[in-house]
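*Asks:* sequence and computational prediction follow.
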Amino acid sequence: MARSRLEDHDLDSEHVSTMTTAPSLVFDHIAVVASSLEDGIAHVRDAIGVDMPAGGRHPRMGTHNHLLRLGPTEFLEVIAVDPASPPPGRPRWFDLDRLSGPPRLANWIVATPDIRANLAAAPPGCGRVFEATRGSLTWLIAVPDDGSMPYGGGYPTLIQWPKGPHPASTMNDTGCALRRLRIEHPHAAQINAYLDPVLRDDRIDIVQRDTVSMRATIATPHGERELA
């Protein structure tokens, strides 16, 4: 994972004042990154006993995905480089160009009605607004220029969907739901300070640890399972 840069930026009163005026954020989805889509799908199947339904391609990033509904406005994504797509001419999102090792739960994404306002209130390193597409769907997402995930995945990626039904509402319901999301990070206190004014979700726990890691507890038709 990318090295955290949060340690280089201390909180100050100006940041805190800006954060309190930003729109509220809501949990949107979690992402498993993998060297291949097949490996990522197998990783999820082994962990929670559910097959990931098909998603689509992201031509501007040269990636593709599978998607699993976790609720009317929430889902799980497996994403990988699409070998059938030409190189995008820029670093791919989710740090996929530097990915090594087995598939892993590596990023969490929160939705906002005003991505530019929340990005202005976010800590440095959370990226720029990027217009993404999958099929007929177009949305805005914050992506760092180097393709990294904000603070190694410890800080959420910001996304803004178009007005209308959430994409998860059209996904097949397999009876899965997020119960808990635990994020471990060396700078958990700072991350919480940025998020507390704008994100309220009792399922999400950000705790202090020496390394960055993530674990989700998901309710499935087979009972609660852990995905990491």
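*Replies:* Thanks, I have it.

*Asks:* can you give me the first-to-last residue distance of stretch 181-198?
*Replies:* Taking Cα to Cα, to the nearest Å, the first and last residues of stretch 181-198 lie 17 Å apart.

*Asks:* buried ones in it, by neighbour count?
*Replies:* 181-188, 190-192, 194-195, 197-198 (16 or more other Cβ atoms under 10 Å). Every residue, glycine included, has its C-beta placed from N, CA and C.

*Asks:* show me what it is in contact with.
*Replies:* Residues from elsewhere that reach stretch 181-198, judged by Cβ atoms under 8 Å, 6 or more residues apart in numbering: 4, 6-7, 11, 15-16, 19-20, 22-25, 27, 30, 108, 118, 121-123, 151-156, 203-217.

*Asks:* just the buried ones from those residues?
*Replies:* Neighbour counting with 16+ other Cβ under 10 Å marks 4, 6, 15, 19, 22, 25, 27, 30, 108, 118, 121-123, 151-156, 204, 206, 212-214, 216-217 as buried within the contacts of stretch 181-198.

*Asks:* A strand includes Asp51, no?
*Replies:* No. Looking at Asp51 with DSSP: H, G, I helix; E, B strand; the rest coil, it is coil, so not inside a strand.

*Asks:* tell me what the longest helix along the chain is packed against?
*Replies:* If you go by DSSP state H, the chain has its longest helix at helix 37-48. Under the contact definition 3 or more Cβ pairs under 8 Å, 6 or more residues apart in numbering; DSSP states H and E, helix 37-48 sits against strand 26-33, strand 63-71, strand 74-81, strand 223-227.
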